[in-house]
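Undergrad: Pasted the sequence and its predicted model underneath.
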Amino acid sequence: MSSPVSLRRLVSCRHRSLSAIARLQPAAVAAVSGSANLTSRRDISIGILRENYDKWERRVAITPTHVQQLLAEFRGTLPNQLSNIYVQPSQRIFPDSQYKAAGATISECLDEADILLGVKRVASEDDLIPDKTYFFFSHVIKGQPENMALLQAILDKNIQLIDYEAIAEDVKDPSNGKMKKRRLVAFGKYAGIAGMIDTFQCLGRRLLASGYSTPFLNCPQAYIHYDLDEAKRAVSEMGKRIEKDGLPMNLEPLIFAFTGNGNVTNGALEIFKLLPHKMITLEEAKELKNQPGPHRCVYGLMVHQKDIVKKTNGGGEFDVKHYRENPVEYESTFASNVAPLCNVLINGIYWDERYPRLLTKAEASELYENGSNNRHVVRLYVLGDISCDIEGSIEFLEKTTSIDKPFFSWNPTTNEVSDDISDEGIAVMGVDILPTELSVESSKHFGNALMPLLKRLISAGFTKEDDVYEKLPSELANACITQNGSLTPNFKYIEALMNRARTSAAAVHHSVGEPHLLLRITGHLFDSGLINQILDVIEGQDCHFEIEDCIVKRTISGVATKSTLMLRVFSEDNDKLDHVLRKVTLLLDLIDSAEASMQHFDNRVKPNWDQDKVTVLGDKERNILLLGAGKVAASFAEYLGRSKSNTITVASQFEADSMRTAHYATRGKAVTCDLSQPGDKLKYLIEEADIVVSLLPAPMHPMVAEECISLKTDLVTASYESDEMKKLGDR
């Protein structure tokens, strides 16, 4: 059934069919006349889509000013021209009247437009117009299951889709010299700006819950203001009140700690510095504790990476490059070095699972208890997590929030979350669409980045029938996901992810009991092109594969986060599986921009362990067999797995448990094995190990010990010595 919007569009479009035919007639006449200039002419029209996927979405891809510029430059030019720009009525920040004044045609119907521009995806697949070129954030390039129906509709309707998220260029990362992708069309620093403003309001509410009335309470959320200038004036006025009247006498000096050094953090600092402030060091922050009020300014603390981590084995100067390449060799010091000193944490740092967390729930609970019992310990009142990485660098960010419900409270004592801000918890701001709160500036910034690409597209006289790689600028060609009803070569891998999302009775599924590899790969799999090459390797060996899981994290303020792919590779030919494992391992080393790591589960009768030996010059290789995959096993795998010379092979009766535990080790492997009784597989595992560590229940140790004795492999257990084990000690 068509949506109400679709029906309205059909009614509006019906009476326009004759005008559409008339618009085509001059070109047909020109073709008959044989005029070279006119036959090569291509008229292009643009449509601006209604934003109706989210009620708060008021941003636009191009503003009325951009519309005016495009029409002035390209309307009536030869050989290619922009014939018109159509605008669907919407609740966008710029009213329809401004677009009309700029020369656009306000129309419910966009059938006459060749290129359709939106910010978010359309609300319903029924709203997609066949045979058009669309630009929007589709969220399909990582195979997100919830958007596979959208992608299928795009293919079925012969739509050419260009995704803003994939419009990027290759740049060198100055910290490590490796190439990485930098997005060209994004919303810049405005997440940080809006996030800082919202955090002020959150702080006002949290301090009120503790009995303090402050000017922060009168700072409205960013969306209340029409534009950034208005918002900045409000923050500046708040600063004047702080400077004149001071903050409450009994309130400690408020220290705002900032993590990260990108656009997000810079945007937050831009707003913070509108208040009377002083930027301080960690040492100065320690001295501030004892200064009495009333304080007439706030304090800013820039947190650098060297302040929040240290090498686990201690010693040596901090090296950013080494940390980024070897994060497992480091542990967080944020809870001891920084958190006790700050009242407000503005988090804009990039984080993925390889890195230690800034602050765990346990650490936050301990800090909060100390703050309650010791007046000299600063209490963390508010977390403004602009990164919005759920249970990420800050573990107690348990959910993201919306503009209409922007805050929640986490109680460190009970580990409970509440929508009410109280004196018994840390108030959290976690709005995940912050740039839309500053729709004017976000749209201008976005449109300014998009305009050069649109101009090149119009100048080329591009139509959706043209070869994207020949006619389009490379930045757009590489972002084209679909054309002529098919996925383009760069995005062929999505087909495998689409197949996983389908529930077809005819689908062939392999048994997990068949010989196969289970690969768990984490990294920038999609924008680096790594996933395409991995699937090419698998298909090149004529192996079957099934995608078990695909965990995709949201892009944070223009910075791509790492995804995790789990896929099974099936073959009866052991050599083919070995080849796949070798080639995929090589790809991970060669494609720097992917920053990828892999663990694999080897489900073959006689796995080729030699394939997986780690060669580390100067270090002795050790294959440590870990039996059991409980909570203690995870700690063991993480600790001994920090060394690249240690391969931690985790054996468990349950595949999911062994995979999860192996993930904690730098060189982790997972196998399933019936550990309740002796068997050929257990014997192979013990025979190939340098040492066996059994964290199984104590009654199972004698059986394991018997096998280790017969194969002359050392065994370590963590249980008390039973009489049966004592007897084995004499052998």
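TA: Perfect, I can see it now.

Undergrad: For the rest of this, base every contact and every neighbour count on C-alpha atoms.
TA: OK.

Undergrad: need the contact list for the residue found closest to Arg75 once you drop the neighbours it is linked to in the chain.
TA: Leaving out its chain neighbours, the residue that sits closest to Arg75 by CA to CA, 6 or more residues apart in numbering is Leu82, at 4.8 Å. Residues in contact with Leu82 (CA atoms under 8 Å, 6 or more residues apart in numbering) are Asp43, Ile44, Ser45, Ile46, Leu70, Leu71, Phe74, Arg75, Gly76, Ile458.

Undergrad: Of the residues you listed, which belong to helices?
TA: Leu70, Leu71, Phe74, Ile458 (DSSP state H).

Undergrad: Give me the buried subset of the contacts of Leu82.
TA: Using 16 or more other CA atoms under 10 Å as the burial test, the contacts of Leu82 include Asp43, Ile44, Ser45, Ile46, Leu70, Leu71, Phe74, Arg75, Ile458 as buried.

Undergrad: just the strands in the stretch 601-731 of the chain please.
TA: 622-627, 646-652, 668-672, 691-694, 714-717 (DSSP state E, counting those that start in this stretch).

Undergrad: let me redo that: the stretch 301-450 of the chain
TA: 309-311, 330-332, 344-347, 382-385, 407-411, 416-418, 426-429.

Undergrad: For the last one, name the packing helices and strands.
TA: Based on contacts counted as 3 or more CA pairs under 8 Å, 6 or more residues apart in numbering; DSSP states H and E, the elements that strand 426-429 packs against are helix 190-209, strand 382-385, strand 407-411.

Undergrad: The same query, at a cut-off of 10 Å, please.
TA: Packing partners of strand 426-429 (3 or more CA pairs under 10 Å, 6 or more residues apart in numbering; DSSP states H and E): helix 190-209, strand 344-347, strand 382-385, strand 407-411, strand 416-418.

Undergrad: Just confirm Ala222 contacts Arg233, I think it does.
TA: No. Checked against CA atoms under 10 Å, the pair Ala222 and Arg233 is beyond contact range at 11.7 Å.

Undergrad: still on that earlier bit, can you put the strands of the stretch 601-731 of the chain in a markdown table and add mean neighbour count and mean pLDDT?
TA: Listed next are the strands of the stretch 601-731 of the chain as a markdown table, based on neighbours: other CA atoms under 10 Å; pLDDT from 0 to 100:
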| stretch | mean neighbour count | mean pLDDT |
| --- | --- | --- |
| strand 622-627 | 24 | 92 |
| strand 646-652 | 27 | 90 |
| strand 668-672 | 26 | 85 |
| strand 691-694 | 22 | 94 |
| strand 714-717 | 16 | 90 |
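
Undergrad: Indicate which one of those is closest to Ile403.
TA: strand 668-672 (41.6 Å; CA to CA).

Undergrad: angle of that closest one against strand 646-652?
TA: 20 degrees (axes from the mean of the first three to the mean of the last three CA atoms, to 10 degrees).

Undergrad: Quick check: can you name the pairing partners of strand 668-672 and their directions?
TA: According to DSSP bridges, strand 668-672 has the following sheet partners: strand 597-603 (parallel), strand 646-652 (parallel).

Undergrad: could I get the contacts of Leu82 as TSV with distance to Ile346?
TA: Output for these, formatted as TSV (distance: CA to CA, whole Å):
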residue	distance to Ile346
Asp43	49
Ile44	45
Ser45	44
Ile46	40
Leu70	39
Leu71	42
Phe74	45
Arg75	47
Gly76	51
Ile458	42
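
Undergrad: Rank these by pLDDT and give me only the lowest.
TA: Within the contacts of Leu82, Gly76 has the lowest pLDDT, namely 79.

Undergrad: Pick out the most distant pair among the contacts of Leu82.
TA: Between any two of the contacts of Leu82 (CA to CA), the greatest distance is 14.6 Å, for Ile46 and Gly76.

Undergrad: Only the buried residues of stretch 688-708, if you could.
TA: 688-689, 691-696, 701-702, 704-705, 707-708.

Undergrad: Put the alpha carbons of that stretch into PDB.
TA: Presented in PDB, the C-alpha positions along stretch 688-708 are these (Å, rounded to 0.1, in the frame of the first residue of the first chain):
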ATOM      1  CA  GLU A 688      50.900 -28.800  19.300                       C
ATOM      2  CA  ALA A 689      50.900 -26.700  22.500                       C
ATOM      3  CA  ASP A 690      54.000 -25.500  24.300                       C
ATOM      4  CA  ILE A 691      52.100 -25.400  27.500                       C
ATOM      5  CA  VAL A 692      48.500 -26.200  28.500                       C
ATOM      6  CA  VAL A 693      46.500 -24.000  31.000                       C
ATOM      7  CA  SER A 694      43.400 -25.700  32.300                       C
ATOM      8  CA  LEU A 695      40.700 -23.500  33.800                       C
ATOM      9  CA  LEU A 696      38.100 -26.300  33.600                       C
ATOM     10  CA  PRO A 697      36.300 -27.600  36.700                       C
ATOM     11  CA  ALA A 698      38.700 -29.400  39.000                       C
ATOM     12  CA  PRO A 699      37.200 -32.900  38.400                       C
ATOM     13  CA  MET A 700      38.200 -32.600  34.800                       C
ATOM     14  CA  HIS A 701      41.900 -31.900  35.500                       C
ATOM     15  CA  PRO A 702      43.100 -35.600  35.900                       C
ATOM     16  CA  MET A 703      41.900 -36.500  32.400                       C
ATOM     17  CA  VAL A 704      43.700 -33.500  30.900                       C
ATOM     18  CA  ALA A 705      46.800 -34.300  33.000                       C
ATOM     19  CA  GLU A 706      46.900 -37.800  31.700                       C
ATOM     20  CA  GLU A 707      47.000 -36.600  28.100                       C
ATOM     21  CA  CYS A 708      49.600 -34.000  28.900                       C
END
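
Undergrad: can you give me how far it is from the chain middle?
TA: 41 Å (CA atoms, centre = their mean, to the nearest Å).

Undergrad: and what of stretch 138-150?
TA: 14 Å.

Undergrad: and if you look at stretch 239-257?
TA: Counting by CA atoms, centre = their mean, stretch 239-257 comes out at 36 Å from the chain centroid.

Undergrad: what about that stretch, start to end distance?
TA: Start-to-end span of stretch 239-257 (CA to CA, to the nearest Å) is 18 Å.

Undergrad: what mean pLDDT does that stretch have?
TA: On average, stretch 239-257 scores 94.

Undergrad: residues of it that come out buried?
TA: Quick answer for stretch 239-257 (16+ other CA under 10 Å): 239-243, 246-248, 252-257.

Undergrad: Which of those residues fall in strands?
TA: The strands, defined by DSSP state E, take in Ile255, Phe256, Ala257 from those.

Undergrad: gap between Asn484 and Asn158?
TA: Counting by CA to CA, the gap from Asn484 to Asn158 is 5 Å.

Undergrad: ditto for Lys492
TA: For Lys492, the distance to Asn158 - CA to CA - is 16 Å.

Undergrad: Please identify which of the two sits among more neighbours.
TA: Set Lys492 next to Asn158 and count neighbours by other CA atoms under 10 Å: Asn158 wins out with 20 against 17.

Undergrad: The closest residue to that one other than its chain neighbours: what's it in contact with?
TA: In space, and not counting its chain neighbours, Asn158 is closest to Gly485: 4.5 Å by CA to CA, 6+ apart. By CA atoms under 10 Å, 6 or more residues apart in numbering, the residues touching Gly485 are Asp131, Gln152, Ala153, Ile154, Leu155, Asp156, Lys157, Asn158, Ile159, Gln160.

Undergrad: Buried subset of those residues as a PyMOL selection?
TA: In PyMOL, a selection of the buried entries from these looks like this (16+ other CA under 10 Å):
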select buried, resi 131+152+153+154+155+157+158+159+160
